[in-house]
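S.K.: Okay, here's the prediction I keep looking at, along with the sequence it came from:
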Amino acid sequence: GAVVSQHPSWVICKSGTSVKIECRSLDFQATTMFWYRQFPKQSLMLMATSNEGSKATYEQGVEKDKFLINHASLTLSTLTVTSAHPEDSSFYICSARDGRATEAFFGQGTRLTVV
Amino acid sequence: AQTVTQSQPEMSVQEAETVTLSCTYDTSESDYYLFWYKQPPSRQMILVIRQEAYKQQNATENRFSVNFQKAAKSFSLKISDSQLGDAAMYFCAYRSGGSGTYKYIFGTGTRLKVLA
């Protein structure tokens, strides 16, 4: 099956700094990637939809300037959390669409802790 | 707007027994897909089973099967011969069937415990 790899798996950063999370489709070209946020014991909440070569579409309530998404190639999308604060600590998951498949494929997630 | 509801925050099942996880959804669309995803402690989302709305036949994947009631907008997951490795969070998800639309809507999840 299609493989989506996220890096890093976990990261700790200081408050006020920025951190970048990468999402790669390893064996297929992903025209669309999705970024989710998951709080402990809660469901996945879609943050934004990322289309290769164009601007991301953000869900209502998600700060575009804080969560910068770039989808520069068909195999890579990045999420940058800018000026991170402790409340940004969460589990971030990406998924990617393989145009041939019905379902999207998920990365293993990134646990972000802001101290 | 579409919604997905999982009314069971937690379920327990004895090893080798059968358990059913409930999911209801609301939509005005006729073309859509439904999924069950498993999220073990590793947090990796794993597809368990999917159902196309236009198919009347219930999907099955080995020990996993669904009871898809389109009119009632119900999509339950049955796990037979439960194994310890089935313990995880299970999420029901909805996706519109329109081309170019791969946005998933997830339920709140059901934590399944398997008792030895």
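M.R.: Thanks, I have it.
S.K.: tell me the contacts of the residue nearest the centre of chain A?
M.R.: Chain A has A:W35 as the residue nearest its centroid, 3.7 Å off, counting by CA atoms, centre = their mean. Residues in contact with A:W35 (CB atoms under 8 Å, 6 or more residues apart in numbering or on different chains) are A:23, A:46-48, A:50, A:67, A:69, A:77, A:79, A:92-94. (C-beta placed from N, C-alpha, C; glycine too.)
S.K.: where along chain B do the strands fall?
M.R.: With strands called from DSSP state E, chain B shows them at B:3-5, B:10-14, B:19-21, B:24-26, B:32-39, B:46-52, B:60-61, B:64-69, B:74-79, B:88-96, B:104-106, B:110-115.
S.K.: Quick one: closest of those to A:V19.
M.R.: Between A:V19 and the strands of chain B, the shortest gap by CB to CB is with strand B:32-39, which sits at 23.0 Å.
S.K.: Pull the closest one out as PDB, backbone CA atoms only.
M.R.: Written as PDB, here are the backbone C-alpha positions of strand B:32-39 (Å, rounded to 0.1, in the frame of the first residue of the first chain):
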ATOM      1  CA  TYR B  32     -19.900   9.300  -0.300                       C
ATOM      2  CA  TYR B  33     -17.600   6.900   1.400                       C
ATOM      3  CA  LEU B  34     -17.400   5.600   4.900                       C
ATOM      4  CA  PHE B  35     -14.400   4.300   6.700                       C
ATOM      5  CA  TRP B  36     -13.300   2.800   9.900                       C
ATOM      6  CA  TYR B  37      -9.800   3.600  11.000                       C
ATOM      7  CA  LYS B  38      -7.900   2.100  13.900                       C
ATOM      8  CA  GLN B  39      -5.400   4.200  15.900                       C
END
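S.K.: Reformat the strands of chain B as CSV; add mean neighbour count.
M.R.: Converted to CSV, these look like this (neighbours: other CB atoms under 10 Å in any protein chain shown):
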stretch, mean neighbour count
strand B:3-5, 16
strand B:10-14, 14
strand B:19-21, 19
strand B:24-26, 16
strand B:32-39, 23
strand B:46-52, 18
strand B:60-61, 12
strand B:64-69, 18
strand B:74-79, 20
strand B:88-96, 23
strand B:104-106, 21
strand B:110-115, 17
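S.K.: Mind checking those strands for the one nearest to A:A56?
M.R.: strand B:104-106 (16.1 Å).
S.K.: need the residues of chain A near chain B, please.
M.R.: Taking CB under 8 Å from any CB of the partner chain as the measure of proximity, chain A contacts chain B at A:32, A:34, A:38, A:42-44, A:46, A:49, A:91, A:93, A:95, A:97, A:102-104, A:106, A:108-109, A:111.
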